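Trainee: Sequence plus the predicted model coming up.
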Amino acid sequence: MRAVVQKVSEARVKVANQVIGEINFGLLVLLGITHDDTETTAVRMADKLVKLRLFADRDGKMNRSIRDGNGSIMIVSQFTLYADTSAGARPSFMAAAEPDHAKPLYEKVIEEVRNRGISVDTGKFGAIMEVELTNDGPVTLIIDV
């Protein structure tokens, strides 16, 4: 499982020009799932997201987690995180899990983050989405679990 995590001051997701998810202060997570990911992987990813210390403490150091800052998380599925361009200019997505495998794991990550007391908004799995964000920092991480 792979995530691109961005600290944001705001983020929203639109489908067909309708806002379907929106957060202020928090994390935008673009989540990719591959063939060998399991529920255990989903739990580890959720735990990692909630514990990431990306928010400034009183001394300005990134020492606080999303829970410490009372922020929210926006989780958006993104199979393109498993693109392979090694054979040329057109990406192959063979490493991305098929929807019947990926969707339950995407939903499991969302459930597990919520179970840890964090407010979560989402995109719509499999939809063409527009994602708007204001990156705060900028802070962007790539996480593989």
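Mentor: Arrived safely, thanks for sending.
Trainee: Apart from its neighbours in sequence, what residue is nearest the spatially most central residue of the chain?
Mentor: Taking Cα atoms, centre = their mean as the criterion, residue 29 is the residue nearest the geometric centre of the chain, at 1.9 Å. Closest residue in space to residue 29, ignoring its immediate chain neighbours: residue 75 at 4.7 Å, by Cβ to Cβ, 6 or more residues apart in numbering. Heads up, the C-betas are built off the backbone N, CA and C, glycines and all.
Trainee: My reading is that that neighbour lies in a strand. Confirm?
Mentor: Yes: Residue 75: assigned to a strand according to DSSP: H, G, I helix; E, B strand; the rest coil.
Trainee: surely it meets residue 111?
Mentor: No: counting by Cβ atoms under 8 Å, residue 75 stays clear of residue 111, with 10.5 Å between them.
Trainee: Name the residue in these two with the higher neighbour count.
Mentor: residue 75 (25 against 14; other Cβ atoms under 10 Å).
Trainee: which residues does that one contact?
Mentor: By Cβ atoms under 8 Å, 6 or more residues apart in numbering, the residues touching residue 75 are 29, 31, 106, 109-110, 113, 120-123.
Trainee: before we move on, what about residue 121?
Mentor: Contacts of residue 121 by Cβ under 8 Å, 6+ apart are 13, 21-23, 72-75.
Trainee: Ok, residue 74 next?
Mentor: Counted by Cβ under 8 Å, 6+ apart, residue 74 has contacts 8, 11-13, 21-23, 26-29, 120-123.
Trainee: For it, list each beta-bridge partner.
Mentor: Residue 74 forms beta bridges with residue 28, residue 121, as assigned by DSSP bridges.
Trainee: For the remainder of this discussion, apply numbering that starts at 14.
Mentor: That works, and once the first residue is 14, the last one we named lands at residue 87.
Trainee: Could you report the separation of it from residue 21?
Mentor: 8 Å (Cβ to Cβ, to the nearest Å).
Trainee: any shared contact partners between the two?
Mentor: What both residue 87 and residue 21 touch, as defined by Cβ under 8 Å, 6+ apart, is the set 36, 39-41.
Trainee: Format those as a markdown table; extra columns: distance to residue 95, neighbour count and pLDDT.
Mentor: Output for the shared contacts of residue 87 and residue 21, formatted as a markdown table (distance: Cβ to Cβ, whole Å; neighbours: other Cβ atoms under 10 Å; pLDDT from 0 to 100):
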| residue | distance to residue 95 | neighbour count | pLDDT |
| --- | --- | --- | --- |
| 36 | 25 | 21 | 98 |
| 39 | 25 | 26 | 98 |
| 40 | 21 | 30 | 98 |
| 41 | 19 | 28 | 98 |
